[in-house]
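In: Kindly return the folded structure for what I paste below:
(chains A and B)
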Amino acid sequence: GEDVEQSLFLSVREGDSSVINCTYTDSSSTYLYWYKQEPGAGLQLLTYIFSNMDMKQDQRLTVLLNKKDKHLSLRIADTQTGDSAIYFCAVSNAGKSTFGDGTTLTVKP
Amino acid sequence: KAGVTQTPRYLIKTRGQQVTLSCSPISGHRSVSWYQQTPGQGLQFLFEYFSETQRNKGNFPGRFSGRQFSNSRSEMNVSTLELGDSALYLCASSPVPPGNALEQFFGPGTRLTVL
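Out: Take a look at the predicted model:
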């Protein structure tokens, strides 16, 4: 089945850019998502990209998709302490979503 | 518009018991998915319902079951609870049918502890 992998931890300084990476195995994935989970809360959809797109920018967030390498990344510009959370990459195909294990982002003041 | 609500938020059960969790999707959403989140296994897909029909199912034993009502509210049931069933159970709703899952909106989850 589909496999989605992410590095587990990332630590950055406030004001720097954060880049969270994700790789997946199913080339037929149609939608690719980034979710944010804060302590004690459910997942919040941050942004998504269609598989026929290379890039999507939404305010401080930039998503890059390399379909050839099956690589998805999320760049957060000017990272703030409020961005500290777990970030999940997810891919979906035919209505079924597969999530990565999440990357814990820690932002140091 | 109210978000996805899940009840109860916290639950403590003992091994062998059964449990029923409830999810009310966003008004107008007809697709409801359930996920199990544990530190060791991450976020695992349980099943997805659309218009009262189960459309997709993850790789979980038959002790895990679900249903969806005509008002799109969904319940999941776990019978003969095991210690390993302790997890955060997340429900997500979507306005579109399976196969066109553009966005999923997650509820806050039900934290189940099995003693």
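
In: wait, what's in contact with B:Leu83?
Out: Neighbouring residues of B:Leu83 by Cβ atoms under 8 Å, 6 or more residues apart in numbering or on different chains: B:15, B:114-115. The C-beta positions use only the backbone N, C-alpha and C, and glycine is treated the same way.

In: Relative to chain A, which of these is nearest.
Out: Distance ranking of the contacts of B:Leu83 against chain A, using Cβ to the nearest Cβ, places B:Val114 first at 19.6 Å.

In: What's the local residue count around the closest one?
Out: Counted with other Cβ atoms under 10 Å in any protein chain shown, residues neighbouring B:Val114 total 19.

In: For it, list each beta-bridge partner.
Out: B:Val114 has the following beta-bridge partners by DSSP bridges: B:Lys13.

In: same check, this time on A:Ile86
Out: Residues in beta-bridge contact with A:Ile86 (DSSP bridges): A:Gln37, A:Thr104.

In: hang on, it packs against A:Thr104?
Out: Yes. In this structure, A:Ile86 is within contact of A:Thr104 by Cβ atoms under 8 Å, at 5.2 Å.

In: Setting aside sequence neighbours, what's the nearest residue to A:Phe99?
Out: Computed as Cβ to Cβ, 6 or more residues apart in numbering or on different chains, the closest residue to A:Phe99 that is not its neighbour in sequence is B:Leu43, at 3.9 Å.

In: Ok, B:Met76 next?
Out: B:Gly66 (4.2 Å).

In: elements contacting the helix or strand harbouring the one you found?
Out: Using DSSP states H and E, B:Gly66 sits in strand B:64-68. Contact analysis of strand B:64-68 by 3 or more Cβ pairs under 8 Å, 6 or more residues apart in numbering or on different chains; DSSP states H and E lists strand B:42-50, strand B:53-57, strand B:74-78 as its packing neighbours.

In: What residues of the second one count as buried?
Out: Okay, so that is strand B:53-57. For strand B:53-57, the neighbour count (16 or more other Cβ atoms under 10 Å in any protein chain shown) marks B:55-56 as buried.
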